[in-house]
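Participant: whatever this is, show me its structure:
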Amino acid sequence: MPELPEVETTRRGIAPYLIGRRIIGVTVRNPRLRWPIAPDLASTLCGQRIHAVTRRAKYLLLAADTGQLLLHLGMSGSLRISTPAQAYKKHDHVQWHLEDDIAMRLHDPRRFGCVLWLSGEHSATHPLLAGLGPEPLEDVFDAAYLYHYTRSRIIPIKVLIMQARCVVGVGNIYASESLFMAGIRPGTAAARLSKARCARLVTAIKTVLQAAIAQGGTTLRDFVREDGQHGYFRQQLQVYQRDGQPCHHCHSLIKKAVHGQRASYYCPACQA
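Facilitator: The predicted model follows:
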């Protein structure tokens with residue numbers, strides 16, 4: 001699934017092509033995504049100008065004249081910039097035709113993505129966004145916040161930081177990598193973390209996410225950027241999907257465990 005770095009990479013990639021341009025037409029080739037695309041989407045969007053492209057958690061928000069378009073890439077989706085004349089691929093489900101002969105297409109083989117129109121300007125109150133925690137790269141997500149949030153919570157720390165009400169966008173890959181950088185085992189009870197360890201973890205999460213964004217995200221299978229290229233953070237992975245291989249730092253064998261029904265990877269020597 002595209003995680004925060006992949007979605008932020010997509011946002012940065014598509015924004016220059018969209019901002020300031022008017023939508024000329026919308027083609028819905030398959031409306032059956034996670035939620036059916038509204039039949040009036042094309043008539044609603046045609047003629048509207050896109051003013052901003054922002055991100056909240058793993059959602060993209062395209063601000064137009066009378067509302068915002070809420071997009072999610074689901075399990076395998078991507079947004080790709082092309083021209084309207086370019087041949088469609090099998091799983092290109094929606095095309096937005098913009099001024100200057102620019103097209104943006106939603107490619108989603110598994111159809112778990114979403115395309116929703118939010119009327120007005122109050123997207124923060126939408127049910128999909130209202131209960132979200134802080135953005136991990138913003139100042140509000142700091143050691144004091146995480147330490148306070150972990151008190152009395154005995155679930156594994158990896159499970160906690162993957163919960164969007166705690167902090168958004170820290171998916172399975174980056175949770176494992178951040179915990180390795182912080183020297184914390186993924187199964188550690190959240191409430192056992194000291195202020196110092198919370199500080200290390202916050203710093204690690206920010207560092208790992210920023211590095212992944214700089215590399216264009218992580219391509220493990222489906223993710224591609226807006227230009228069809230892959231993300232290259234995979235080459236920097238320290239523990240994720242490396243079980244049975246030697247740790248790059250101490251040469252102990254990376255182990256695998258399951259927390260919250262998700263695979264976790266850690267070094268038994270580097271992480272305590």
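Participant: which SS class is the residue lying closest to Phe141 once chain neighbours are set aside?
Facilitator: Take Phe141 and drop its neighbours on the chain: the residue closest to it by CB to CB, 6 or more residues apart in numbering is Pro134, 4.5 Å away. The way it works is simple: take the backbone N, C-alpha and C, and place the C-beta from them, glycine included. The assignment at Pro134 comes out as coil when based on DSSP: H, G, I helix; E, B strand; the rest coil.
Participant: counting neighbours, what do you get for Pro134?
Facilitator: Residue crowding around Pro134 was assessed by other CB atoms under 10 Å; the count is 19.
Participant: and Asp139, by the same measure?
Facilitator: Counted with other CB under 10 Å, Asp139 comes out at 8.
Participant: same thing with Tyr174?
Facilitator: 26.
Participant: pretty sure it is touching Glu6, no?
Facilitator: No: Tyr174 sits out of contact with Glu6 when judged by CB atoms under 8 Å, with a separation of 10.2 Å.
Participant: now the strands for the stretch 1-150 of the chain?
Facilitator: Ranges of strands within the stretch 1-150 of the chain are 23-28, 52-56, 59-63, 67-72, 78-82, 92-98, 102-107, 114-119, based on DSSP state E, counting those that start in this stretch.
Participant: would you turn those into JSON lines with mean pLDDT?
Facilitator: Converted to JSON lines, the strands of the stretch 1-150 of the chain look like this (pLDDT from 0 to 100):
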{"stretch": "strand 23-28", "mean pLDDT": "98"}
{"stretch": "strand 52-56", "mean pLDDT": "97"}
{"stretch": "strand 59-63", "mean pLDDT": "97"}
{"stretch": "strand 67-72", "mean pLDDT": "96"}
{"stretch": "strand 78-82", "mean pLDDT": "93"}
{"stretch": "strand 92-98", "mean pLDDT": "98"}
{"stretch": "strand 102-107", "mean pLDDT": "96"}
{"stretch": "strand 114-119", "mean pLDDT": "95"}
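Participant: closest to Thr188 out of those?
Facilitator: In this view, the strands of the stretch 1-150 of the chain are compared for proximity to Thr188 by CB to CB, and strand 52-56 is the closest at 29.0 Å.
Participant: only the buried residues of that closest one, if you could.
Facilitator: Neighbour-count burial for strand 52-56, with 16 or more other CB atoms under 10 Å as criterion, is recorded at 53, 55-56.
Participant: coming back round to it: closest to Gly244 out of the strands of the stretch 1-150 of the chain?
Facilitator: Ranking the strands of the stretch 1-150 of the chain by their distance to Gly244 (criterion: CB to CB) puts strand 78-82 first, at 30.8 Å.
Participant: circling back to that earlier point, reformat the strands of the stretch 1-150 of the chain as a markdown table; add distance to Thr188.
Facilitator: Converted to a markdown table, the strands of the stretch 1-150 of the chain look like this (distance: least, CB to CB, whole Å):
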| stretch | distance to Thr188 |
| --- | --- |
| strand 23-28 | 47 |
| strand 52-56 | 29 |
| strand 59-63 | 30 |
| strand 67-72 | 31 |
| strand 78-82 | 35 |
| strand 92-98 | 42 |
| strand 102-107 | 39 |
| strand 114-119 | 34 |
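Participant: closest to Tyr149 out of these?
Facilitator: Tyr149 lies closest, by CB to CB, to one member of these: strand 52-56, at 19.2 Å.
Participant: so what secondary structure elements neighbour that closest one?
Facilitator: In terms of contact count using 3 or more CB pairs under 8 Å, 6 or more residues apart in numbering; DSSP states H and E, strand 52-56 is assigned the packing partners helix 4-18, strand 59-63.
Participant: what number of residues lie near His251?
Facilitator: His251 - counted by other CB under 10 Å - has 10 other residues nearby.
Participant: how close does it get to Ala269?
Facilitator: Taken as CB to CB, to the nearest Å, the spacing of His251 relative to Ala269 amounts to 9 Å.
Participant: try Pro5
Facilitator: The gap separating Pro5 from Ala269 is 27 Å, by CB to CB.
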